[in-house]
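Asks: here is a sequence together with a model predicted from it:
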Amino acid sequence: MSFQPIIPTGGLVGWAFLNRTLERQTAAFDASADVTRDVDYFAEKIGGIETAEQLVSDRRLLSVALGAFGLSDDIDNKYFVRKVLEDGSLASDALANRLADDRYLSMTKAFGFGDYDVPRTKLSTFSDEIVSLYRERSFEVAVGEQNESLRFALNAQRELAEIAEDGSSDDTKWYRIMGNEPLREVFETALGLPDSFAALDLDLQLSGFREKSRAQLGGGEISQFSDPEQIDKLVQRYLVRAQLAEIQTTSAGSIALTLLQS
């Protein structure tokens, strides 16, 4: 990217600075040459795309499409992405409905290749919809190149409110979080859960998340994150614990290096 966000430090201090300068920094990022070039190409070409095969065959279009949903790492998994999109979202056995990570389902619904005779790429508002998501996600990626914890914090701030307002059951909302790697990282770190926690049975993980959330955040239901203050509480706990873990890792590394040198 031709513009890199300014992140002077991590932790709560870095988070406060980022939020204070967010509007100015995102405007500069959106105006950068790389982002402008990507979104202009997408806006020009996407209206002519009628199938998932056409989308995955154009790497530049696919890059924006995947980036809009935080799935850029799948850029080389063309067959998998095509299969997810072609299956659609309406059938219960569609691939997107069987994946733990619901970002694929969101992408599938957005494009509509497997759900409608005419995909949503033909809508006049479609390009703006995807470009807006792409800009937001791309800025988070750029922040992550400076400080990964702050990227996860931005992601949680954006996604948790959406999940909390969803009409599905609370169990389903928890499972969505458990299947979403960035959100899961925030919760596990903020609640002080060990690495071994992910190896437990899913039902035990669900009850564990609920109990820890109730004890440390005051509530065990995802609906609590309809309140921005609850999201702030979670994010702050996450950033403090993440920074402490980083300090401990750095200190341990320094001690090990000293011992080796001696």
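Replies: Happy to help now that I have it. Residues are numbered from 1 along each chain as shown.

Asks: name the nearest residue to Asp102, ignoring sequence neighbours.
Replies: Spatially, and ignoring its direct neighbours in sequence, Asp102 is nearest to Arg176 (5.1 Å; Cβ to Cβ, 6 or more residues apart in numbering). The way it works is simple: take the backbone N, C-alpha and C, and place the C-beta from them, glycine included.

Asks: which helix or which strand is home to the one you found?
Replies: Arg176 is part of helix 170-179 when elements are defined by DSSP states H and E.

Asks: hmm, back to that, counting neighbours, what do you get for the residue nearest to Asp102?
Replies: For Arg176, the number of neighbouring residues by other Cβ atoms under 10 Å comes to 22.

Asks: and Trp248, what pLDDT?
Replies: Heads up, residue 248 is Gln, not Trp. Note for Gln248: predicted pLDDT of 76.

Asks: number of nearby residues for it?
Replies: If we define neighbours as other Cβ under 10 Å, then Gln248 has 10 of them.

Asks: next, it: secondary structure please.
Replies: Under DSSP: H, G, I helix; E, B strand; the rest coil, Gln248 falls in the helix class.

Asks: use 564 as the first number for this chain going forward.
Replies: Shifting the count to begin at 564 puts that one at Gln811.

Asks: how much space between the residue nearest to Asp665 and Asp639?
Replies: 26 Å (Cβ to Cβ, to the nearest Å).

Asks: over to Leu658?
Replies: Noted for Leu658: a distance of 18 Å to Asp639, by Cβ to Cβ.

Asks: who's more crowded, those two?
Replies: Counting neighbours by other Cβ under 10 Å for Leu658 and for Asp639 shows that Leu658 has the greater number, 19 against 10.

Asks: got a pLDDT number for the closest residue to the more buried one other than its chain neighbours?
Replies: Nearest residue to Leu658, sequence neighbours excluded (Cβ to Cβ, 6+ apart): Asp650, at 4.5 Å. For Asp650, the model assigns a pLDDT of 96.

Asks: same thing with the one 3 residues further on?
Replies: Model confidence at Leu653, expressed as pLDDT, equals 94.

Asks: checking it next. Helix, strand or coil?
Replies: coil.

Asks: just give the number of residues close to it.
Replies: 13.
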